[in-house]
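> make a model of this:
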Amino acid sequence: MDALPLRGKLASQLESLYAESSANYSSLHYRAGLHFLLYFKPPAQQPMLIALRSLEKPAEVITVLDPNKLDPTGSTAIDWFVPSHDGKIVAVCLSLHGSEEGTLHFFETATGRELPEKIPRVQFPTAGGSAAWVADGTGILYTRYPAPGERAGADAHFYQQVWFHKFGTPVAEDTYAVGREFPRIAEVVLQASDDGRDFIATVANGDGGDHAHWLREGDGPWRQIVRFEDAVKRVAFGRDGMLYALSRKDAPRGKLLRMPIARPVLSEAEVVVPEGGGVLVEIAAASGGFYVKELAGGPSEIRWFPSGKEPITVPLPALSAVHEMEVLDGDGLAFKSNGWLTPGSFQIYDPRSGAVKKLPVSSTSPVSFDDIEVSRIMAKSKDGTEVPMNIMHRKGVKLDGSNPTLLNAYGGYGISLSPSFDFTRRVWFDAGGIFVVANLRGGGEFGEEWHKAGNLLRKQNVFDDFIACAEHLVRSGYTKPSKLAIMGGSNGGLLMGAALTQRPELFRAVVTMVGIYDMLRVELEPNGAFNITEFGTVKDRAQFDALYAYSPYHRVKDGAPYPAVLITTGENDGRVNPYNSRKMTARLQAATGSGLPVILRTSAASGHGMGSKLSERISEKADIFTFLITELGAETSRWLPAKK
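Okay, here's the model as predicted:
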């Protein structure tokens with residue numbers, strides 16, 4: 001691709017766009033009057049950790065940690081961070097080269113000085129990692145993978161437990177807290193109450209969406225309060241001595257339960273928000289009530305439930321997404337939202353006035369999208385299910401089948417594709433392209449039934465939904481097969497592999513990133529074992545048959561006219577072993593009868609995509625856009641002189 005003049009032009013444009021982009025703020029944590037955020041401003045390679053005394057005054061910044069100074073190569077990334085309750089120290093998980101193999105470091109907020117203690121093995125791609133401070137900041141609970149010699153090598157990235165570290169003591173003397181009862185494929189998330197007295201450990205049984213919850217009150221023992229079969233997704237601390245539980249039991253779109261911390265008996269819990277039209281996905285407790293975030297097929301809504309009063313809907317723009325919610329002192333809510341064409345902005349909702357105020361810690365776009373419009377339409381899947389598509393294109397586009405179109409989707413793990421903003425899509429629109437995001441079954445856009453309709457033995461529904469969306473775009477005149485490209489990553493990469501092997505004639509080009517393609521062997525990898533509760537196992541006959549029926553690697557046929565394919569992978573990917581991409585590339589190259597290229601792009605400086613440095617992300621985007629524009633014959637006049 002480096003030989004193509006277009007590639008250099010696109011890379012230069014992308015570099016300029018990032019250089020001209022505003023700062024991006026994310027991951028808000030509020031502690032003791034301080035607002036902790038990740039701050040990213042190109043040309044820096046990685047986001048840095050900052051603290052603000054006021055979200056109204058971003059110029060008055062305290063820099064806690066700048067990974068770009070810690071590692072000038074840009075290869076060290078912040079996986080996550082947790083400030084202490086008094087805000088004086090921040091625990092930061094750091095990893096290298098996009099590996100997500102994290103070590104916990106500690107930094108003083110006021111000075112940025114790193115403390116000498118480091119805790120290894122708190123984070124790995126298989127189950128992530130988490131931590132929670134005790135009230136006085138003298139110690140921290142953290143997730144821990146087996147130490148060398150504790151378990152056989154094959155179990156090194158399983159059996160995640162919770163341990164406790166007391167500051168000033170060697171890490172080797174840390175003590176076990178809870179976790180021997182957890183399953184081998186446990187994924188643990190820790191949270192502390194506002195006063196740091198009580199703790200919850202949320203334990204996922206792999207990636208299939210089932211969770212158990214454990215509680216520790218004060219210095220008491222850990223005890224399980226919710227089982228996997230209880231279908232409770234989240235448990236959160238209130239500020240009223242209560243626990244709030246988001247349940248899907250007999251309520252696939254979710255209901256909210258409340259029970260006393262002193263007597264957390266699920267069967268006696270009060271229903272405070274019954275199941276409704278939206279999907280309950282998040283709760284944030286305040287002093288005088290609580291907030292809930294709901295999904296309406298992808299876009300978000302927020303409702304405020306003041307104690308003893310009727311709920312109030314927080315005003316949000318149509319087709320917008322809320323990605324963060326943090327309750328400040330009292331009842332005010334800070335949240336971050338964006339639309340398909342509007343960048344992320346932090347806002348504060350004041351329940352006393354009902355007003356929403358945009359804050360200076362918000363992003364602006366380096367380019368305008370005023371000429372782009374968004375519509376949301378439905379496609380009918382093979383079994384009659386209505387599947388939403390979000391379509392973005394230039395105003396006044398002609399539906400004559402001639403438009404280069406890029407269809408994106410995911411469809412798995414109950415993950416919802418809510419509205420997202422990416423200023424680099426301007427490149428695709430400048431090429432005359434249409435950009436489409438489909439909300440397939442397997443996601444969580446319409447609740448647990450929508451998710452379960454696309455996992456295990458029902459995974460083929462996801463592929464049918466996607467193919468139906470592509471056919472609808474062709475039938476409606478947006479595009480035609482020779483102008484249609486598809487793109488997805490990870491589980492979305494599996495989707496790409498299934499789509500191109502099941503309907504190769506429907507697409508002209510495919511970009512598939514860090515995908516799973518050999519579904520019969522994926523569970524032999526560490527992270528693949530966590531996927532069994534979502535995909536199934538070859539040890540079960542019915543599940544084997546379902547996996548084998550759609551496994552992309554096994555569905556490749558010699559001589560079939562496959563579309564042009566770009567497969568990307570990262571050398572340090574701990575979630576999907578890069579061999580999947582190598583095998584799929586080799587098989588397609590040997591089999592295709594179309595004469596179109598099948599290309600493998602490997603990055604030695606990244607993993608599954610998280611933590612990649614900016615220069616690597618720009619390079620990959622330049623390759624992807626070059627591939628798509630070239631293969632679909634899209635407009636290039638924006639970058640190259642017209643051919644005579």
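> low-confidence regions, this structure specifically.
Residues of the chain meeting the criterion pLDDT under 70: 643-644.
> mind giving me the domain ranges of it?
117-230, 238-364, 373-632 (automatic domain parsing).
> save these as JSON lines, and put in distance to residue 21 and mean neighbour count too.
The C-beta positions use only the backbone N, C-alpha and C, and glycine is treated the same way. Below are these laid out as JSON lines (distance: least, CB to CB, whole Å; neighbours: other CB atoms under 10 Å):
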{"stretch": "domain 117-230", "distance to residue 21": "28", "mean neighbour count": "18"}
{"stretch": "domain 238-364", "distance to residue 21": "8", "mean neighbour count": "18"}
{"stretch": "domain 373-632", "distance to residue 21": "6", "mean neighbour count": "20"}
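> for the residue positioned nearest the centre of the chain, helix, strand, or coil?
Note on the chain: the residue nearest the mean C-alpha position is residue 415, at 7.6 Å, using CA atoms, centre = their mean. Look at residue 415: counting by DSSP: H, G, I helix; E, B strand; the rest coil, its state is coil.
> could you check how far the nearest residue to it once chain neighbours are set aside is from residue 312?
Computed as CB to CB, 6 or more residues apart in numbering, the closest residue to residue 415 that is not its neighbour in sequence is residue 443, at 5.7 Å. Separation of residue 443 from residue 312 (CB to CB, to the nearest Å): 28 Å.
> and what of residue 322?
Taking CB to CB, one finds residue 322 at 15 Å from residue 312.
> go on, residue 278?
Counting by CB to CB, the gap from residue 278 to residue 312 is 15 Å.
> nearest to residue 56 among the domains of the chain would be which one?
Evaluated with CB to CB, the domains of the chain place domain 238-364 nearest to residue 56, the distance being 6.3 Å.
> now the end-to-end length of that closest one.
34 Å (CA to CA, to the nearest Å).
> skipping adjacent residues, who's closest to residue 390 in space?
residue 437 is the one closest to residue 390 (CB to CB, 6+ apart), at 4.6 Å.
> which residues does the strand or helix carrying that neighbour contact?
For residue 437, the element it lies in under DSSP states H and E is strand 434-438. Applying CB atoms under 8 Å, 6 or more residues apart in numbering, the external contacts of strand 434-438 come out as 379, 387-393, 397, 403-409, 417, 420, 425, 428-429, 465-466, 469, 473, 478-479.
> so what are the sheet partners of that strand and their directions?
Strand 434-438 pairs in its sheet with strand 386-394 (antiparallel), strand 405-408 (parallel), by DSSP bridges.
> for residue 176, find the nearest of those strands.
Across the strands paired with strand 434-438, closest to residue 176 is strand 405-408 (CB to CB), at 43.8 Å.
> put the alpha carbons of the closest one into PDB.
Provided in PDB are the C-alpha atoms of strand 405-408 (Å, rounded to 0.1, in the frame of the first residue of the first chain):
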ATOM      1  CA  THR A 405     -21.000   2.100   1.200                       C
ATOM      2  CA  LEU A 406     -19.300   0.800   4.400                       C
ATOM      3  CA  LEU A 407     -21.500  -1.400   6.700                       C
ATOM      4  CA  ASN A 408     -20.300  -1.900  10.300                       C
END
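> before we move on, back to that, hey, what's the residue nearest to residue 390 bridged with?
Under the criterion used here (DSSP bridges), residue 437 is bridged to residue 390, residue 408.
> again with residue 273
residue 256.
> wait, what's in contact with it?
Listed by CB under 8 Å, 6+ apart, the contact set of residue 273 reads 255-256, 280, 292, 305, 311.
> residue 555: which of those residues is nearest?
residue 280 (37.6 Å).
> tell me the SS of that closest one?
Assignment for residue 280 (three-state DSSP): strand.
> please enumerate the helices of the chain.
Counting by DSSP state H, one finds helices in the chain at the ranges 5-20, 67-70, 425-430, 448-452, 460-475, 491-502, 526-530, 532-535, 541-550, 552-555, 579-591, 614-632.
> how far away is residue 449 from residue 248?
Using CB to CB, we find residue 449 at a distance of 9 Å from residue 248.
> hmm, back to that, what's the angle from the strand holding residue 437 to helix 491-502?
On the basis of axes from the mean of the first three to the mean of the last three CA atoms, to 10 degrees, strand 434-438 is oriented at 110 degrees to helix 491-502.
> between the helices of the chain, which one is closest to residue 484.
helix 460-475 (6.3 Å).
> extract the C-alpha set from the closest one and format it as CSV.
Extracted C-alpha coordinates of helix 460-475, given in CSV (Å, rounded to 0.1, in the frame of the first residue of the first chain):
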residue,chain,number,x,y,z
GLN,A,460,-26.4,-17.7,13.0
ASN,A,461,-29.2,-15.1,13.6
VAL,A,462,-26.4,-12.5,13.9
PHE,A,463,-25.1,-13.3,10.5
ASP,A,464,-28.6,-13.5,9.0
ASP,A,465,-29.3,-10.0,10.5
PHE,A,466,-26.2,-8.6,8.9
ILE,A,467,-26.8,-10.1,5.5
ALA,A,468,-30.3,-8.8,5.6
CYS,A,469,-29.0,-5.3,6.3
ALA,A,470,-26.6,-5.5,3.3
GLU,A,471,-29.4,-6.7,1.1
HIS,A,472,-31.7,-3.9,2.2
LEU,A,473,-29.0,-1.3,1.4
VAL,A,474,-28.7,-2.8,-2.1
ARG,A,475,-32.5,-3.2,-2.6
